[in-house]
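Undergrad: No sequence on hand, only this structure:
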């Protein structure tokens, strides 16, 4: 049986580093097994990608037509 996924969105486009990183890691730590985090940024967060991999998270990155980098993050593999 598939669980409905809940997505928490963090809009980090106007925030200065490391605030988007910190907010994302806090949201992930507080997330349950059926919760994902969607992070919106104006550039690729390469240090975040490394931290996600080290901590057992997976991600899918896409680029919106307005230049926004959208990173969907979840725990484990799918």
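TA: Right, received. Where do you want to start? Quick caveat: nothing in here was measured; it's all calculated off a predicted structure. Numbers count the residues shown, from 1 in each chain.

Undergrad: can you list contacts of the longest helix along the chain?
TA: As assigned by DSSP state H, the longest helix anywhere in the chain is helix 19-30. Helix 19-30 has contacts (CB atoms under 8 Å, 6 or more residues apart in numbering) with 8, 10, 12, 15, 37, 39, 41, 45, 47-48, 51, 55, 57, 73, 75. Glycine gets a C-beta too; all of them are placed from N, C-alpha and C.

Undergrad: ok, the next helix or strand after that helix: who's next to it in the sheet?
TA: Downstream of helix 19-30, the next assigned helix or strand under DSSP states H and E is strand 35-41. If you go by DSSP bridges, strand 35-41 pairs up with strand 6-11 (parallel), strand 69-75 (antiparallel).

Undergrad: Now render those as a markdown table, adding mean pLDDT.
TA: Shown next, in a markdown table, are the strands paired with strand 35-41 (pLDDT from 0 to 100):
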| stretch | mean pLDDT |
| --- | --- |
| strand 6-11 | 96 |
| strand 69-75 | 97 |
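
Undergrad: export those strands to JSON lines and tack on mean neighbour count and distance to residue 33?
TA: As requested, the strands paired with strand 35-41 are exported to JSON lines (neighbours: other CB atoms under 10 Å; distance: least, CB to CB, whole Å):
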{"stretch": "strand 6-11", "mean neighbour count": "14", "distance to residue 33": "10"}
{"stretch": "strand 69-75", "mean neighbour count": "19", "distance to residue 33": "7"}
